[in-house]
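1. Dropping the sequence and predicted coords here.
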Amino acid sequence: MQTPIKLKFTNTPQASFFATLRQRVDAYFKQKRLSPHANGAMWTKAIFFLGTYILLYSLILSGQFSAWAMLLMAMGLGMFAAFIGFNVSHDAIHGAFSSRKWVNNVLSASFYFLGANPYVWKITHNVVHHTYTNIPGHDEDIEIAPGLIRVDADEPWRPWQRFQHWYAFLLYTLTSLMWVFRKDYLKFFKKRIGHTDNSVHPRREYIILFATKAGYYVLFLVLPYLVLDITWWQLALGFLAMHMAEGVVLGLVFQLAHVVEGTAFPVPNEAGAIEEAWAAHQLRTTANFAPRSRVAAFFCGGLNRQIEHHLFPKVCHIHYPALTAIVKQTARDFDLPYLENPTFFSALHSHYRLLKTMGRAA
């Protein structure tokens with residue numbers, strides 16, 4: 001089997017952009033005498049999302065509410081699982097929440113509340129997606145539903161994709177359900193993720209994967225059935241409603257950062273080179289949305305400022321609003337793009353238009 005060509009970013013002159021940007025960001029933290037990790041506001045957010053999630057789960061298991069009330073709480077539980085992923089797990093897995101590794105490790109475990117595995121995510125997201133953003137064949141995060149959803153003009157077109165701007169949003173509701181039952185297993189046992197070797201894992205990670213998945217199934221399928229006076233189909237409906245609510249939140253926020261009009265899907269040359277510097281590549285493949293919205297910043301955990309996150313993944317997202325002006329000005333100084341949609345709905349509309357455009361035959 002032929003060894004895949006290792007991808008390289010080759011535009012050396014552009015490297016001065018990131019060097020300058022890092023100096024300016026470092027100077028900001030030094031002048032303000034701030035840590036790039038979590039502050040009091042960040043810890044308050046973490047406690048709020050984790051506490052609300054535990055409260056909703058406890059209220060459902062109490063059995064003191066009507067079936068309709070429990071269904072609504074199940075949907076709220078799913079949404080707060082997504083918010084925990086955005087606001088707590090994501091920063092912790094990147095090592096951005098705290099300067100102490102053990103704190104990040106403990107908070108990374110909050111990812112199990114989503115039914116997801118932090119070790120697998122670290123490989124697919126931290127390593128692959130952050131390095132090879134939006135590069136077909138390398139970044140599997142842009143492979144939303146292969147064969148069903150087309151987001152890149154170089155992908156083969158299929159007749160049913162002319163309707164993808166409608167059915168894509170239905171598929172997004174299945175995001176977390178697929179994660180719980182399929183994605184982590186598939187990625188863990190896949191020999192390569194994109195062109196990145198994924199064939200060797202520590203033995204303990206095999207045990208953790210199966211043990212935590214089993215624990216999730218017990219907490220959300222077995223235990224509710226045992227303690228609540230509900231039928232199996234009511235349990236299935238509640239579980240499905242929880243994951244559809246979680247899935248649509250996860251799916252939309254993930255797509256609005258990289259799969260909107262203006263973002264690039266670069267193809268390496270025959271030598272495996274992307275002819276631009278890595279940081280410049282991040283600017284061309286990433287877009288912010290609703291950057292001035294406090295609501296978006298609170299619930300999306302800084303993922304609405306995805307440019308700042310991709311350039312500084314080890315900086316806690318609570319600092320991204322302050323970094324935005326620095327990144328934007330530095331990009332302007334180096335004549336590089338800075339993509340953003342002013343609101344959540346303008347980004348959503350842009351994503352819809354891209355799906356519609358890519359759904360047409362070439």
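-> Alright, I've got the coordinates. Remember, it's a predicted structure, so these values are computed and weren't measured experimentally.

2. where along the stretch 251-362 of the chain do the helices fall?
-> 278-285, 294-300, 306-311, 320-333, 344-358 (DSSP state H, counting those that start in this stretch).

3. Quick check: which of the ones you listed is nearest to residue 153?
-> Taking Cβ to Cβ, helix 344-358 is the member of the helices of the stretch 251-362 of the chain nearest to residue 153, at 6.9 Å. Heads up, the C-betas are built off the backbone N, CA and C, glycines and all.

4. hmm, back to that, out of the helices of the stretch 251-362 of the chain, which one sits most buried?
-> Most buried of these, by mean neighbour count (mean count of other Cβ atoms under 10 Å): helix 306-311, with a mean of 24.

5. got the contact list for that helix?
-> For helix 306-311, contacts defined as Cβ atoms under 8 Å, 6 or more residues apart in numbering pick out 18, 21, 130, 133, 257-258, 279, 282-283, 286-289, 302-303, 315, 317, 320, 323-324, 327, 338-340.

6. Give me the average confidence score over it.
-> For helix 306-311, mean pLDDT rounds to 96.

7. now swap in stretch 273-290 and tell me
-> Mean predicted lDDT for stretch 273-290 stands at 93.

8. Need the residue closest to the centroid of this protein.
-> The chain has residue 254 as the residue nearest its centroid, 5.1 Å off, counting by Cα atoms, centre = their mean.

9. Pull stretch 127-147 out as PDB, backbone CA atoms only.
-> Output of stretch 127-147 as PDB, limited to C-alpha atoms (Å, rounded to 0.1, in the frame of the first residue of the first chain):
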ATOM      1  CA  VAL A 127      -4.800  17.100  15.600                       C
ATOM      2  CA  VAL A 128      -6.500  16.600  12.200                       C
ATOM      3  CA  HIS A 129      -9.100  19.300  11.900                       C
ATOM      4  CA  HIS A 130      -7.000  22.100  13.400                       C
ATOM      5  CA  THR A 131      -4.000  21.200  11.200                       C
ATOM      6  CA  TYR A 132      -5.700  20.400   7.900                       C
ATOM      7  CA  THR A 133      -8.800  22.600   8.100                       C
ATOM      8  CA  ASN A 134     -11.200  22.200   5.200                       C
ATOM      9  CA  ILE A 135      -8.700  20.200   3.100                       C
ATOM     10  CA  PRO A 136     -10.700  17.500   1.300                       C
ATOM     11  CA  GLY A 137      -9.300  14.000   2.000                       C
ATOM     12  CA  HIS A 138      -7.600  15.200   5.200                       C
ATOM     13  CA  ASP A 139     -10.200  17.000   7.300                       C
ATOM     14  CA  GLU A 140     -13.000  14.500   7.800                       C
ATOM     15  CA  ASP A 141     -15.000  17.200   9.800                       C
ATOM     16  CA  ILE A 142     -16.200  18.600   6.400                       C
ATOM     17  CA  GLU A 143     -17.500  15.100   5.400                       C
ATOM     18  CA  ILE A 144     -20.900  15.800   6.900                       C
ATOM     19  CA  ALA A 145     -22.700  12.900   5.300                       C
ATOM     20  CA  PRO A 146     -20.700  11.500   2.500                       C
ATOM     21  CA  GLY A 147     -22.800  10.800  -0.600                       C
END
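
10. Same question for it: list its buried residues.
-> Under the neighbour-count criterion of 16 or more other Cβ atoms under 10 Å, stretch 127-147 has 128-136, 138-142, 144 buried.

11. Just the closest of those to residue 230, please.
-> Nearest to residue 230 among those, with distances taken as Cβ to Cβ, is residue 144, at 33.5 Å.
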